[in-house]
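Peer 1: this is a predicted model, with the sequence first.
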Amino acid sequence: MSEAGQTQSVRLPSDEQREHLMVRVAKLFYDLERTQSEIATEVGLTRWQVKRLLTEARELGVVRIEITPRTRRRTDLEVKLQQAYGLHDAIVVPNGVAADNALLIEAVAQAAANYLVGINPKPDLLGVSWGRTMTAVARRLPANWSPGLHVVLLNGAINLRSTASQTSAVAEEIAKTANGVATLLPVPAIVGKSSTRRALEEDPIVERVLELAQKAEVVCFSMGPISNDSVLFGSGYLEESDLDRLKAAGAVGDILGRFVDARGQIVDAVLDDRTVGLRIDHLKSKRCSIGVVAGADKTHIALAALRGGYVSVIITDETVARFALEISDGE
């Protein structure tokens, strides 16, 4: 027997009585925890009509569902980012949790570490980039969070000059926290000639690492601004003249060492041809491509990653989120 035959159905009113019925159904469902079938029997509707009234109650604001996570997050901005850029997920940390940029990076890194721990099913192979933000993520991961995890570095990470902090050992640190193993890419991020890059990528060892990077269905990476505060500049790969030239070409920052413009397009094909590592177009086909970005100096590169479709999940701060949404609204 059909559902309509089991429950005597009434025509839903289209005036003020409809709202009264809507409130009654909502109270039964949300406050008294009745099932939709029980409500249908009590009120004399079909389950389909009950479901329709509950949906309308949310759409009209009769029922408001508020998400209040125990950890501080801007879920309102997260939803808007997901809608504006078609993201699988978004995590936005309020700026109020940190008094300065360094603390803000730590707060976003903690959110990224929590997200990695919560991925289900957990990946067997995780691709990661290097840099200050990803180093902070590695520090925040709990011990043994993904036993046996294989971590692969996505881009070259040998420093050309000594730095105050070690930012290239991210893959090893993450593998250590997971009680897993790391496969490194023991080559420079950028080489002097495209022929050198081709020769390196044809080497069986390097080729094997790059194949692993392509196979990783889950990747987590940070992004760099176009400034002398970037790790690529600090590591000796770029000079002031290189930064000036890239800025003039429209670069807003780098993703995996590859410099892009405001739309996420490569700005310097010659430099890109000298860059060793996963090509950023591969990020679009990953099951989960997690971009971790914090700080007002990274608003433009975060927007470029969103526009270019390189991230399916973004973990960021309130300033970056608001900037991306303002641009989206303007467009």
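Peer 2: Noted; the coordinates are in hand.

Peer 1: and the gap between the spatially closest residue to Trp145 that is not a sequence neighbour and Thr275?
Peer 2: Spatial nearest neighbour of Trp145, chain neighbours left out: Val117 (4.9 Å); criterion: Cβ to Cβ, 6 or more residues apart in numbering. For every residue, glycine as well, the C-beta is placed using N, CA and C. Computed with Cβ to Cβ, to the nearest Å, the distance linking Val117 and Thr275 is 31 Å.

Peer 1: and these two? Which one has more around it.
Peer 2: Thr275 (25 against 16; other Cβ atoms under 10 Å).

Peer 1: my guess is that one contacts Val260. True?
Peer 2: No. Counting by Cβ atoms under 8 Å, no contact exists between Thr275 and Val260, whose distance comes to 11.8 Å.

Peer 1: give the buried residues for the helix or strand hosting the residue nearest to Trp145.
Peer 2: When elements are assigned from DSSP states H and E, Val117 belongs to helix 101-118. Counting neighbours by 16 or more other Cβ atoms under 10 Å, one finds that the buried residues in helix 101-118 are 104-113, 115-117.

Peer 1: before we move on, what about stretch 170-188?
Peer 2: In terms of neighbour count (16+ other Cβ under 10 Å), stretch 170-188 has its buried residues at 170-178, 180, 182-185, 187-188.

Peer 1: is Gly277 in a bridge, and if so with what?
Peer 2: Asn155 (DSSP bridges).

Peer 1: tally of neighbours for Ser235?
Peer 2: Burial measure for Ser235: 22 neighbouring residues, criterion other Cβ under 10 Å.

Peer 1: which residue packs closest to it, ignoring adjacent ones?
Peer 2: What sits nearest to Ser235 in space, not counting adjacent residues and going by Cβ to Cβ, 6+ apart, is Asn159, at 4.5 Å.

Peer 1: need the contact list for the one you found.
Peer 2: Counting by Cβ atoms under 8 Å, 6 or more residues apart in numbering, Asn159 makes contact with Ser168, Ser235, Gly236.

Peer 1: for the first one, pull up the helix or strand it's in.
Peer 2: Using DSSP H and E, Ser168 is not contained in any helix or strand.

Peer 1: what separation is there between it and Glu201?
Peer 2: The span separating Ser168 from Glu201 equals 19 Å under the rule Cβ to Cβ.

Peer 1: one more: the last one?
Peer 2: To Glu201, Gly236 is 21 Å away according to Cβ to Cβ.

Peer 1: likewise the second one?
Peer 2: Counting by Cβ to Cβ, the separation of Ser235 from Glu201 is 20 Å.

Peer 1: which outside residues touch the helix or strand Gln83 falls within?
Peer 2: Remark: Gln83 resides in helix 75-85, with elements defined by DSSP H and E. With contact meaning Cβ under 8 Å, 6+ apart, helix 75-85 is reached by 67, 69, 87-92, 306-307, 314, 318, 321-322, 324-325, 328.

Peer 1: out of those, which are buried?
Peer 2: Of all the contacts of helix 75-85 considered here, the ones buried according to neighbour count by 16+ other Cβ under 10 Å are 87, 90-92, 306-307, 314, 318, 321-322, 324-325, 328.

Peer 1: tell me which of these fall in helices.
Peer 2: Members of the buried ones among the contacts of helix 75-85 lying in helices (criterion: DSSP state H): Leu306, Arg307, Glu318, Ala321, Arg322, Ala324, Leu325, Ser328.

Peer 1: TSV for these, including distance to Leu81 and pLDDT?
Peer 2: Shown next, in TSV, are those (distance: Cβ to Cβ, whole Å; pLDDT from 0 to 100):
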residue	distance to Leu81	pLDDT
Leu306	8	98
Arg307	12	97
Glu318	11	95
Ala321	6	97
Arg322	10	96
Ala324	7	97
Leu325	7	97
Ser328	9	80
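
Peer 1: from these, which two are the most distant?
Peer 2: The largest separation in these, counting by Cβ to Cβ, is between Arg307 and Glu318 at 19.6 Å.

Peer 1: let's see the host helix or strand of Glu207 as PDB, backbone CA atoms only.
Peer 2: Taking DSSP H and E as the definition, Glu207 sits inside helix 204-215. As requested, the backbone C-alpha atoms of helix 204-215 are provided in PDB (Å, rounded to 0.1, in the frame of the first residue of the first chain):
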ATOM      1  CA  PRO A 204      65.400   6.900 -12.400                       C
ATOM      2  CA  ILE A 205      65.400   8.000  -8.700                       C
ATOM      3  CA  VAL A 206      63.900  11.400  -9.300                       C
ATOM      4  CA  GLU A 207      61.500  10.000 -11.800                       C
ATOM      5  CA  ARG A 208      60.300   7.500  -9.200                       C
ATOM      6  CA  VAL A 209      59.700  10.300  -6.700                       C
ATOM      7  CA  LEU A 210      57.700  12.400  -9.200                       C
ATOM      8  CA  GLU A 211      55.600   9.400 -10.100                       C
ATOM      9  CA  LEU A 212      54.700   8.900  -6.400                       C
ATOM     10  CA  ALA A 213      53.800  12.600  -6.300                       C
ATOM     11  CA  GLN A 214      51.400  12.100  -9.200                       C
ATOM     12  CA  LYS A 215      49.900   9.000  -7.500                       C
END
